[in-house]
Structures are given as C-alpha cells and as structure tokens.
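Asks: With the input below, show me the fold.
(3 chains)
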Amino acid sequence: MTLLFYLASTVALLATLAVITSTHVVHALVYLIVSLLAVAVIFFVLGAPFAAMLEAIVYAGAIMVLFLFVMMMLNLGQTTEQEEREWLHPRTWVGPSVLVLVLLVQLGRVLVGEHTEITPVEVGVRDLSLLLFGPWLLAVELASMLLLGGLIAAYHVAKK
Amino acid sequence: MEAIPYEHGLILAALLFVCGLVGVLTRRNIVFVLLSLEIMLNACGLAFVVGSARWGHAEGQAMFMMILTLAAAEVAVGLGLIIQMYKRFQTVDISVLNEMKG
Amino acid sequence: MAEWLGLLPAFPLAGFLALVLTGGRLPRRSAGIVGVGSVAISFLLALVIAGDYLTGPPEPVTITLWTWMSAGEFAPGISFYLDGLSVVMILIITGVGFLIHLYSTGFMAGDPGFARFFSYMNLFVASMLILVLADNLVLLYLGWEGVGLCSYLLIGFWYDNPANGAAARKAFVVTRVGDTSMAIGLFLLFAELGTLDIQQLLAAAGGQWEIGSGVAVAAAALLLGGAVGKSAQLPLQTWLPDAMAGPTPISALIHAATMVTAGVYLIARTHVLFELAPSVQLLVAIIGLLTLLLAGFTALMQRDIKRILAYSTISQIGYMFLALGVGAWSAAVFHLMTHAFFKALLFLAAGTVILSLHHEHDIFRMGGMRKRLPLAYWSFLIGSAALTALPFTSGFYSKDEILLAALAQPDYGVLLWSGGVLGAFLTAVYSFRLVFVAFFGPMHFRQETEDAHHGPVREIAGISMALPLVVLALLSLVGGFIPVPVEAVFASATQYEEAHPSMLLHGIMIAIPIVGVVLSWLLYGERAHEAGSLRQRMTTLPGAGFLQRLWFNGWYMDALYNALLVRPFVAIARLNRHDLVDQGVTFSSFMAQVGNRLLVLTQTGNLRWYGVSMVAGLVVVLAIGAWI
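Replies: Model prediction:
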C-alpha cells in the first residue's frame, strides 16, 4: 500500500510536470488525464473509494473530455504548437519558478508538523451520503445553484 | 494495511499545487492556463481527502465533491470565454487581452 | 428716560440693516429718508435723554442690555453709561451727524452709490454712538473698530479709482498700528486689574497703583498709542490728508467732527490712568504741541482745499491733546465741541465749492468766487473766523481756555503756551489764505470752458445743503456760550489752577490771530501779486524754496515711512515670491500625484503580471502569518 501510494504520487507528479511543459494542447490534456487517474489511485489507497470514483468519472471523464471537445472544435492542435515553442524560453520560467519555490518552502513549513501515520480506513459511500444528506444539505443545494449558474453563463457566453 | 505518512500526502498536494501555479504564471496560451488551474484545484481536493483520511471521517470527501462541482462550473464558463476570445481575436494568446492598461 | 439709551445706536443700526438688506434697490427718496431719518430720530432721542439728565441731579446712569460674553471672570456686557461727557458726545454725534446726513442727500444726489453711502454712514453713526456710550473698554473697542471699518469703506467709496482704495488701505493700516497698541493696553489692564468696566477700572487703578508706577505708565502709554492712531497725531498722522479722497460729507463727519475725536474721548474717559502716569500725560501735551505746529506749517503750503482743512483738523486735535496733557479735561471737550461745529461747516462749505466748480480742488485755480458762491463764501468766512479764534466766536472761547490752562502747567507752561500761540498765528494765516485765494482776487477758474458746456459758475446748493450750512454757521458763532456739563465727570481730577496772566499776555493771545489775518491779507490778498509786495520778497528769501517743499510734503513724513517701513516690507514679500507656505501645502498634493503615477505602473493590463502579483502577495501573507 505504501509502495502503491508512492508510485502513484510519482506518476502524478511527472504527468503534471509534463502538462505544464508540453507544447501540444492535446498532449497536455492526455497527460493531465493520466495525472488525475493517478490521484484517483491515491484516493483508493487512502480509503476514499467514492472520491476516487468521482475523480475518475467526473474529473477525468467529464471535465477533461469537455476540454477535448472544445479543443477539437477550435482546432488548436497544429497551429499553436509553433507559437508555443517560441514562447517557452527557459528565461520565462525563471521568475515564476523562484517565486513559486519560495511559496513551496513556506507551505512546507506550514504543513509539516505532526508526524502521524495514516492507517487507511475505508470511508465508504454510506458515510459520505449520510453526511451529504444531513449536515451538508445546504452545501449541496448551494452547489446545485452554482452549477445552474455555470450552465446559464456558459450557454450565454459561448453563443454567437 | 500499512500506514502512510500523513505529511507526505500533504507535501504531494503542495507540490502539485505549486506545479499548477507555475503553469498559470508562465504559459501564454490560455488553454494551458486553464489546465494549470485545474491542476491546482485537483491538488486542493487531494489535500482535503488526505486530511479526511487522517481523521477517518467523510467530510474531506464531501469537500472534495464541492470542489469538483466548482471545477466543473468554472471549466464550463472558462471554455465558453475561450471560445469567445478565439472568435474575437483569432488567437489564444493572452497578451492580446492587455487592454486595461494604466 | 435714560432707559432708552439702548435705542440710540439701535436706530442708525436699523437704518444700516434696512439699506443693506434692500440691496440698493430702494428709490433714492426712500433711501434718503431711511438714512437721514434714523439719525434724526436718534438726535431727538438724544435731546430728550440729555434734557432729562441735565434737569435732574447729575447722576451717572448705567443701562445694561445683555451680557455679551462670559468666560470665567471676564463678563463684559452690552451696557451703556450716561454721564456729562457721554451727553456732550451723543449730542455732537447725532446733531452734527444729522446735519451732515441731510447735506449728503443733496451732495450725493447724482451718485449711483447713494443707498450704499447712507448705509455706511448709518453704520458709522451707530458705531460711534456705541464707542462713546460704552461702559466697558471691550464694547468701546468694538465701536472703535466699527468706526475704523466705516472710515475704510467710506474713504474708498468711489472704488473704481484705485487711488481711493490705496488711501482707504493706508488709513486702515495706520490706525491699525494704534489699535494694536490699544488692544495690548486692554490686555495689560485686564491682567493687572481684572476688570475692563471703565468706572470700576478707574477706581481700582486709583486705589492700587502708585503715581508714576511702571504699570500705570505702560497702560497709559498703550492707550495713548491707540488715541494717536485714531486721532491722526504724530507719528501716525499720515493717513488723514490722504483720506480726503472720500466724498466731502464723510470728511466732514468722520475726519473732522467725530471719528478723529475718538482718541480725545478715550483719553478723557480714562483720565485717571493718565493722572497716574504724569510722564505720559506730559507726553500727550508734547505730542499735541508738536502736531499742531507741524500740521500748521504744512497747511500753509497746500493747494488742495480739502487737504488744507485736513491738516487744520490735525492741528486742532493737537490743541485738544495739548489740553488733555495739561489736565484741562473740560477745556479739551469744549474745544472738541466747537471744533465739530466749525470744522464741519468748513468741510461742507468746501463740498459746495467743489460741487459748484465741477470737482475742482485746487484753490489757486479758483479765485473771485465770493460773488458767485455766496453761501459758501459766508460759511467759509464764519468758519475760518471761528477756526482762527477771532474774538467772540466759539473757537475763541475754547482755544482761550486751552492756552490759559497750558500756561498754568508747572514745568513747561510758558513753552506750551508759546507753541499754542504760534499755532494760533499759523492757523490764522493758512485759514484766511484759503479764503483770500479762493474767494477774492481774479477768477482763474477755467475761463474758457465756463460758458462752453457748464454755463457760468452757479452755486449748487439746494435746501438740503443750505440748511445745514446755516445751522452750523450759527453754532460756530454762538457755540461758545453752550455750557459743557462735564465738571462732574472730572470732579475727581486734580484741578489745574486757573492761570492769571498779565494783561500783556492776555492781550497777545487775543491779538495774535488778528495779526495773522492781516499777514495773510498781505501775502495772499488781492494785491499780493504786485511787484515788490511782501509775498514776492518772502518767496525770494534764501531757503524759501526748501521750506516750501518741506512743508508741502508734510515734513517728508510720508517719504520717511515709505523708506523705513514700506520698502523693506515689500522687499521681504518679494523674497517670498514663490510663497513657501503655499508650496508646503501643494507639496502634499504633489506627493499624492507622484504616488498615483507610481501605482498606475502596476496596472499593466498584463494577465500574467497580475497572477505574479497575486502569488507574491500570497507569499508575503504566508510569511507574515508564519512568523506571527
């Protein structure tokens, strides 16, 4: 289990790095899907099966596919690759990388404290549902309103 | 099952977040910026789930669901905006959006 | 009756408000009725109050209207004090004031600022009444400042001409110097005695201060400074001749009869303080003496008819100061009254002359007007006679009293008396010089245009202008017999001994003015321009030219002040041309603009720049959060 965890983490990291350095849009999307699936595996390992399934089905399956559809619609494959190669000088990476490394160090300092170990206990769908229909009912309703808003906005913004 | 160090999970989430952040700051193609945003959101979700696994309850997963909802709505609207931008400027370079200068 | 004291200044004040609030939209007749009527009512009221006061026992009355302010122990009220001195002053102010207001309805008839003129005049009368009726020095100072303001407004009445504005400013600034001295004197008095109520103050000073003590000398000297400024005495006399730029009625009212006598009134009112400081009292006499001589010589060489009368006023007030300085309080007040009569008469007659000759001021361009301007001629004759103190005129009695009192002064009596007599001689010469040059001799006045578009010279004097002249002429003749009921006021003062000079000295005193008239006739009369005449011989004496210029320019005092005070001040102002203080203030707005321009640089419109700045902010916040 621990090994699986670390393996999946490595895959996720490498795939993410590939996403941000890639020049081809569709390649980047596929790498991202890989990363998301790796994170799903991590969720499984941590004893959160429902979260893992959601990650795989909704995130990787729906959101990324949506992305792909739009990319195919805009036909951004070949035309932008040339541009991307020009834009991605090593020079452009320096500034943000430094800033972000500082942030990483800070996050590390903030997050690292307890040296506990997680003994994964499966927290299944049942527990989650009890939570959602119980104390988190309002949050669910708000989420649904958010989705409604997103729907209307997307429809309106994208039409001619 | 063997135990998984709690901090390593959080560090992983931090690393993924930071990767996404660097992508937002660096890329000039708006599609990649949106992708990097998705990476960041995913990393946050990961952090939540790791936290809930630490304590053994479902609240982190519920939060993860909310984040997922948020990501879905945001991607929908964002892609719509990308379509509009492409229609208007015939490019996905974000430097054409520098209209509000000064 | 005395309860109606509060109404005395109220009527002119109401007149002022009425004229101001209607904004000059009243028809001329109504504005005139309001302006003159308010002062007329005050005069009638003053007569009633005076009659009541004089027929009863001479008890001073204090009427308090309300408390003006109350700050700790300092609580002056709007309270009026009636005694013999106040009675004299209010009668002069409202009586002569009424006559001058009446005259003004004729004089200012063609002026577009008619209503504005009367509003200022009413405000002046109200302020002057407050000044003389005030029970405490704070209220007196209010009236003091009020008359100063009205003087400024009225001197610069014809504001289109910037020279008038300059003259008004000069008057205001010079009297301000005196006012500041007086204010410091008030502070000193309050600090030392704890009260500014005049009667209480005088009693406390008399009780607590020793004669000649430093604080008494300081207080008296500071009050003297104020009086010198307002009464145009040395060294602050430079404003009065320039103040003649205003309309003639105000020269008559403000700069002859009332405002310039405020200084005399102040010293008379606070006479106890001056008695406690004999050195200052002597200084008063010396200032009076020097001023009357200086102004007398200057008046000899002036050409402008109003400037001659202005210097004459300065000289006559010098006589009043001389009287105050030797302790002849009643004599000073008596001379104040008679001077008000004949000087107002002279100024109003001068106004008639000026108006009839279409604003000609130079007497050497007049001449021979005695047939053409009969009323003005007789007014000038009577007025000059009274001014010169020819026997049996009002001026004769008052000046006589002053000179006798001066003679009685223990240390410098003879010197003061001689100076006064010399002054009387000069007065005779210059006042009759005016009469002879303007009214006798060949007519020099614009012969060629006389028939052209103005027609022959005609006297412009309607009933509104003639009546005051006649009344004032009568008063100038018989005013010497009006008793001045101020003995009770000065009863506590140390009485000067009546001097009993020999018949010779008395004879000299009476004869000198007549000698002056004769000399004036010889120099300026009808045969003065013939060859070999006295005038020819005098003007060719060595040094005559220098003296002529010296006296014409007022002993160059204006030039002295200009070099000593005005030029350095202007130079300093020029140093601060760029106004340091203003720059300090605009500096802050400049910094705000700089800051704005700096911050605008962060708004690049560049998306990635915004992202970077957000992350940078996040880093900073986390850093702070982690370390606190």
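Asks: If I look at the residue in the stretch 251-400 of chain C positioned nearest to chain B, what pLDDT would I see?
Replies: Using CB to the nearest CB, the single residue of the stretch 251-400 of chain C nearest to chain B is residue C:254, 64.2 Å away. Any C-beta I mention is one placed from the backbone N, CA and C, and that applies to glycine too. Note on residue C:254: pLDDT of 84.
Asks: Contact partners for it?
Replies: Residues in contact with residue C:254 (CB atoms under 8 Å, 6 or more residues apart in numbering or on different chains) are C:124, C:147, C:150, C:151, C:154, C:243, C:260.
Asks: repeat that for 10 Å
Replies: Neighbour list for residue C:254: C:97, C:100, C:120-121, C:124, C:128, C:147-148, C:150-151, C:154-155, C:171, C:243, C:246, C:260, C:262 [criterion: CB atoms under 10 Å, 6 or more residues apart in numbering or on different chains].
Asks: Those residues in helices, which ones?
Replies: Using DSSP state H, the members of these that fall in helices are C:97, C:100, C:120-121, C:124, C:128, C:147-148, C:150-151, C:154-155, C:171, C:262.
Asks: Out of those residues, which is nearest to residue C:136?
Replies: residue C:262 (16.0 Å; CB to CB).
Asks: Tell me how many other residues crowd the closest one.
Replies: Counted with other CB atoms under 10 Å in any protein chain shown, residues neighbouring residue C:262 total 26.
Asks: In space, what's closest to it - neighbours in sequence excluded?
Replies: residue C:230 (4.9 Å; CB to CB, 6 or more residues apart in numbering or on different chains).
Asks: Which pLDDT value belongs to that neighbour?
Replies: pLDDT, residue C:230: 90.
Asks: can you check residue C:499 too?
Replies: If you check residue C:499, the pLDDT there is 61.
Asks: before we move on, what about the one 10 residues further on?
Replies: The model reports residue C:509 with a pLDDT of 84.
Asks: From residue C:621, how far out is the residue of chain A found nearest chain C?
Replies: Nearest to chain C, among the residues of chain A, is residue A:106, at 4.5 Å (CB to the nearest CB). Counting by CB to CB, to the nearest Å, the separation of residue A:106 from residue C:621 is 10 Å.
Asks: The two: who's more crowded?
Replies: A direct count of neighbours by other CB under 10 Å for residue A:106 and residue C:621 places residue A:106 higher, at 19 against 11.
Asks: hang on, that one packs against residue C:623?
Replies: Yes - using CB atoms under 10 Å, residue A:106 makes contact with residue C:623 at a distance of 6.4 Å.
Asks: Looking at chain B, which helix is longest?
Replies: helix B:59-89.
Asks: quick one: buried residues of that one?
Replies: B:59-83, B:85-86 (16 or more other CB atoms under 10 Å in any protein chain shown).
Asks: just to revisit the earlier point, which residues touch the residue of chain A closest to chain C?
Replies: So residue A:106 contacts B:14, C:618, C:619, C:620, C:621, C:622, C:623, C:625, C:626 (CB under 10 Å, 6+ apart).
Asks: what sits against the residue of chain C found nearest chain A?
Replies: Closest residue of chain C to chain A, CB to the nearest CB: residue C:622 (4.5 Å). Contact analysis of residue C:622 by CB under 10 Å, 6+ apart lists A:102, A:103, A:105, A:106, A:107, A:109, A:110.
Asks: Can you list which of those are found in helices?
Replies: A:102, A:103, A:105, A:106, A:107, A:109, A:110.
Asks: among those residues, who's most crowded?
Replies: residue A:103 (21 neighbours).
Asks: Next one: the closest residue to that residue other than its chain neighbours from chain B, what distance?
Replies: The shortest distance from residue A:103 to any non-neighbouring residue, by CB to CB, 6+ apart, is to residue C:619 (5.3 Å). Here residue C:619 is placed at a distance of 11 Å from chain B (CB to the nearest CB, to the nearest Å).
Asks: can I see the domain layout of chain C?
Replies: C:280-539, C:541-577, C:588-627 (automatic domain parsing).
Asks: and if you look at chain A?
Replies: According to automatic domain parsing, the ranges for chain A are A:1-86, A:124-160.
Asks: By mean pLDDT, point me to the weakest helix or strand of the chain.
Replies: You didn't say which chain, so I picked chain A. In chain A, no helix or strand scores lower on mean pLDDT, DSSP states H and E than helix A:77-87, which sits at a mean of 69.
Asks: The chain in question should be chain C.
Replies: Bottom-ranked secondary element of chain C by mean pLDDT, DSSP H and E: helix C:447-450, a mean of 51.
Asks: Spell out which parts of chain A neighbour chain C.
Replies: With CB under 10 Å from any CB of the partner chain as the criterion, chain A meets chain C at residues A:92, A:95, A:96, A:99, A:100, A:102, A:103, A:105, A:106, A:107, A:109, A:110.
Asks: Chain neighbours aside, what residue packs nearest to the fourth one?
Replies: The shortest distance from residue A:99 to any non-neighbouring residue, by CB to CB, 6+ apart, is to residue C:615 (5.5 Å).
Asks: Tell me who's in contact with the residue nearest to residue B:63 when sequence neighbours are not counted.
Replies: In this structure, residue B:63 finds its nearest non-sequential neighbour in residue B:48, 4.6 Å apart by CB to CB, 6+ apart. Applying CB under 10 Å, 6+ apart to residue B:48 gives the contacts A:48, A:51, B:13, B:59, B:60, B:61, B:62, B:63, B:64, B:65, B:66, B:67.
Asks: The fifth one and residue C:358, how far apart?
Replies: Remark: distance between residue B:60 and residue C:358 (CB to CB) = 107 Å.
Asks: State the helix or strand in which the nearest residue to residue C:296 once chain neighbours are set aside lies.
Replies: Leaving out its chain neighbours, the residue that sits closest to residue C:296 by CB to CB, 6+ apart is residue C:426, at 3.4 Å. Using DSSP states H and E, residue C:426 sits within helix C:413-439.
Asks: And residue C:64, by the same measure?
Replies: strand C:61-67.
Asks: where do the strands sit along the chain?
Replies: You didn't say which chain, so I picked chain A. Per DSSP state E, chain A carries strands over the ranges A:117-118.
Asks: meant chain C actually
Replies: Here chain C has its strands, by DSSP E, at C:61-67, C:77-82.
Asks: Make JSON lines out of those strands and add distance to chain B, mean neighbour count and mean pLDDT.
Replies: Compiled in JSON lines, those are given as follows (distance: least, CB to the nearest CB, whole Å; neighbours: other CB atoms under 10 Å in any protein chain shown; pLDDT from 0 to 100):
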{"stretch": "strand C:61-67", "distance to chain B": "63", "mean neighbour count": "13", "mean pLDDT": "84"}
{"stretch": "strand C:77-82", "distance to chain B": "64", "mean neighbour count": "21", "mean pLDDT": "88"}
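Asks: any idea what sits nearest whatever residue of chain B ends up closest to chain A, other than its immediate chain neighbours?
Replies: Going by CB to the nearest CB, chain A is nearest to residue B:73 of chain B, at 3.0 Å. What sits nearest to residue B:73 in space, not counting adjacent residues and going by CB to CB, 6+ apart, is residue A:150, at 3.0 Å.
Asks: Any stretches of the chain with poor pLDDT?
Replies: No chain in the question, so chain A it is. Along chain A, segments meeting pLDDT under 70 span A:77-81, A:84, A:88, A:160.
Asks: um, chain C though
Replies: C:1-2, C:24, C:446-458, C:491-501, C:527-533.
Asks: Name the residue closest to the centre of it, please.
Replies: Ranked by distance to the mean C-alpha position of chain C (CA atoms, centre = their mean), the top residue is residue C:260 at 2.7 Å.
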